[in-house]
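> Need a 3D model of the sequence below.
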Amino acid sequence: MTYRAIAIDGPSGAGKSTLARRLAQELGFLYVDTGAIYRAVGLAALRRGLSPGDEAAVLAMLPSLRVATAYAEDRLQHMYLDGEDVTEAIRLHQVSDAASQVSAIPGVRDHLLALQRRFAQENDVIMDGRDIGTVVLPQADVKIFLTARPETRARRRFDELTARGQPADYQQVLRDVEERDYRDSHRASAPLRQAEDAVLVDTTQLSLEESLARLYEVVKERLKL
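This next block holds a predicted model:
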């Protein structure tokens with residue numbers, strides 16, 4: 001059986017996870033949040049007292065690390081780290097930075113690549129991340145590069161953190177967004193970039209519903225739904 005794959009790439013705070021999840025629900029596809037997988041590795045490094053940017057230490061940790069995903073009846077992804085459901089814990093602000101650092105390590109990306117590809121071999125998937133259309137699923141049926149201005153993405157992230165009751169400073173969040181953009185786009189292994197055949201969707205001026213409608217329009221056209 002041939003499965004269909006939709007790749008959604010873009011920088012932090014562009015709305016990839018929210019929109020990909022909503023789109024997957026509408027289409028009946030499996031949603032795979034690859035960022036959550038890297039967040040779990042970043043969380044593991046922090047819990048072990050390691051610097052997420054220490055390549056040797058992080059790589060030495062990987063063989064003993066148990067990272068797994070599971071799906072509830074609503075097909076929403078849950079992340080497990082060493083048997084613990086860390087779906088909420090990986091959303092802490094400090095984990096975001098740790099995820100960016102571990103994801104820049106080539107060995108980490110190689111370690112997780114097979115896991116990510118297996119989802120697409122067994123399901124119709126919508127997968128979001130930084131290198132889905134360029135590295136993980138280069139033959140995806142639909143590729144979308146989702147973006148927005150840094151200020152807009154920082155505001156969304158700030159609102160998300162405060163809504164969860166986490167203390168946040170907008171200017172610091174903006175600096176973190178800009179630093180992560182630079183780190184993600186300049187890393188040696190699988191840098192963030194738009195695939196040549198990806199459709200660019202800028203959500204700076206779009207509401208959530210307008211953004212979702214635009215993505216559905218692209219997918220409908222490409223998959224001839």
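> can you list the weak-confidence ranges in this structure?
Scanning the chain for pLDDT under 70 picks out the ranges 74-75.
> Helices along that one, start to end?
For the chain, helices defined by DSSP state H occupy the ranges 16-27, 34-47, 55-61, 93-103, 106-122, 150-163, 170-186, 208-223.
> how about the CA coordinates for the first one, as CSV?
Extracted C-alpha coordinates of helix 16-27, given in CSV (Å, rounded to 0.1, in the frame of the first residue of the first chain):
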residue,chain,number,x,y,z
LYS,A,16,3.6,24.3,12.5
SER,A,17,2.5,22.1,15.3
THR,A,18,-0.9,23.7,15.8
LEU,A,19,-1.8,23.8,12.1
ALA,A,20,-0.3,20.4,11.3
ARG,A,21,-2.3,18.8,14.1
ARG,A,22,-5.6,20.5,12.9
LEU,A,23,-4.9,19.6,9.3
ALA,A,24,-4.2,16.0,10.2
GLN,A,25,-7.5,15.8,12.1
GLU,A,26,-9.4,17.1,9.1
LEU,A,27,-7.7,14.8,6.6
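> List of residues touching that helix?
For helix 16-27, the external contacting residues (CB atoms under 8 Å, 6 or more residues apart in numbering) are 6, 8-10, 29-31, 33, 35-36, 74-76, 124-129, 146, 208, 211-212, 215-216, 219. To be clear about C-beta, it is placed using only N, CA and C from the backbone, and glycine gets the same treatment.
> list the buried ones in it?
For helix 16-27, the neighbour count (16 or more other CB atoms under 10 Å) marks Lys16, Ser17, Leu19, Ala20, Arg21, Arg22, Leu23, Ala24, Leu27 as buried.
> Kindly report the same for the last one.
Using 16+ other CB under 10 Å as the test for burial, helix 208-223 gives Ser211, Leu212, Arg214, Leu215, Tyr216, Val218, Val219, Arg222.
> how about the nearest residue to the first one, chain neighbours excluded?
To tie it back to what came earlier, the one meant is Ser211. Excluding its sequence neighbours, the residue lying closest to Ser211 (CB to CB, 6 or more residues apart in numbering) is Thr203, at 4.5 Å.
> Does that neighbour touch Gly10 like I think?
No - if you go by CB atoms under 8 Å, Thr203 and Gly10 don't touch, sitting 9.1 Å apart.
> tell me, what's touching those two both at once?
Taking CB under 8 Å, 6+ apart as the contact rule, Thr203 and Gly10 both touch Leu146, Thr147.
> Looking at those two now, which is surrounded by more residues?
Between Thr203 and Gly10, Gly10 has the larger neighbour count (other CB atoms under 10 Å), namely 27 against 24.
> who are the neighbours in contact with the more buried one?
Lys16, Asp128, Arg130, Phe145, Leu146, Thr147, Leu192.
> Repeat that for Val41.
By CB under 8 Å, 6+ apart, Val41 lies in contact with Val58, Leu62, Leu65, Val67, Ala99, Val102, Ser103, Val108, Leu112.
> Quick check: the closest residue to the last one other than its chain neighbours vs Gln205, distance?
Meaning Leu112. Spatially, and ignoring its direct neighbours in sequence, Leu112 is nearest to Ile37 (5.8 Å; CB to CB, 6+ apart). According to CB to CB, to the nearest Å, Ile37 stands 31 Å off from Gln205.
> Quick check on the two: which one has the bigger neighbour count.
Between Ile37 and Gln205, Ile37 has the larger neighbour count (other CB under 10 Å), namely 23 against 10.
> Contact partners for that one?
Listed by CB under 8 Å, 6+ apart, the contact partners of Ile37 are Val67, Thr69, Met79, Leu112, Leu115, Gln116.
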